[in-house]
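Engineer: Quick one: sequence plus predicted model below, questions after.
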Amino acid sequence: MVNTQYLEDKIKKSGKTKTYLADKLNCHINTLIKKINNKSDFKSNEIKILCEEVYVSYDEIKEKLSGLGF
C-alpha cells in the first residue's frame with residue numbers, strides 16, 4: 001500500500017500541485033488522488049515520473065511506498 005502521508009508530504013515539499021503532477025502523469029486529478037489514497041495502483045512509469053517531480057530517489061520510493069508494485 002502507498003504510504004499516503006509520506007507521499008503527501010513529499011508533494012507538499014516539492015511545491016508542486018496535484019493538478020500539475022496529474023498532468024505530468026497524463027491522468028486526471030481524480031485518478032491521481034485515487035492512486036495516492038490506495039484506491040488504484042500506480043504504474044511503474046508513473047512512479048519514475050513522480051520521483052523526478054517530487055525530488056525523491058527511486059530507491060527511497062521503493063522503500064517508503066512498498067505497495068507500488070515492488
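Structural biologist: Received it, and whenever you're ready, just let me know what you need.
Engineer: Show me the residue sitting in the middle of the protein in space.
Structural biologist: Leu50 (5.0 Å; CA atoms, centre = their mean).
Engineer: For that residue, I want the exact helix or strand it lies within.
Structural biologist: helix 44-53 (DSSP states H and E).
Engineer: got the buried residues for that helix?
Structural biologist: Buried residues in helix 44-53, defined by neighbour count with 16 or more other CB atoms under 10 Å: 46-47, 50-51, 53. Every residue, glycine included, has its C-beta placed from N, CA and C.
Engineer: between the residues you listed, which is nearest Asp59?
Structural biologist: Taking CB to CB as the measure, Asp59 sits nearest to Cys51 out of the buried residues of helix 44-53, at 9.3 Å.
Engineer: quick one: that closest one and Asn3, what's the gap?
Structural biologist: Going from Cys51 to Asn3 by CB to CB, to the nearest Å gives 14 Å.
Engineer: circling back: same for the helix holding Leu50, what does it pack against?
Structural biologist: helix 18-24, helix 58-64 (3 or more CB pairs under 8 Å, 6 or more residues apart in numbering; DSSP states H and E).
Engineer: CSV for the ones you listed, including mean pLDDT, distance to Glu8 and mean neighbour count?
Structural biologist: CSV is the format used below for the helices and strands packed on helix 44-53 (pLDDT from 0 to 100; distance: least, CB to CB, whole Å; neighbours: other CB atoms under 10 Å):
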stretch, mean pLDDT, distance to Glu8, mean neighbour count
helix 18-24, 98, 9, 15
helix 58-64, 70, 12, 14
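Engineer: Tell me which of those helices lies nearest to Asp41.
Structural biologist: Here helix 58-64 is closest among those (CB to CB), at 13.9 Å.
Engineer: correct me, but Glu8 touches Leu32?
Structural biologist: No. Counting by CB atoms under 8 Å, Glu8 does not reach Leu32; the two are 11.6 Å apart.
Engineer: between the two, who's got more neighbours?
Structural biologist: For Glu8 versus Leu32, the count of surrounding residues by other CB atoms under 10 Å is larger for Leu32: 22 against 14.
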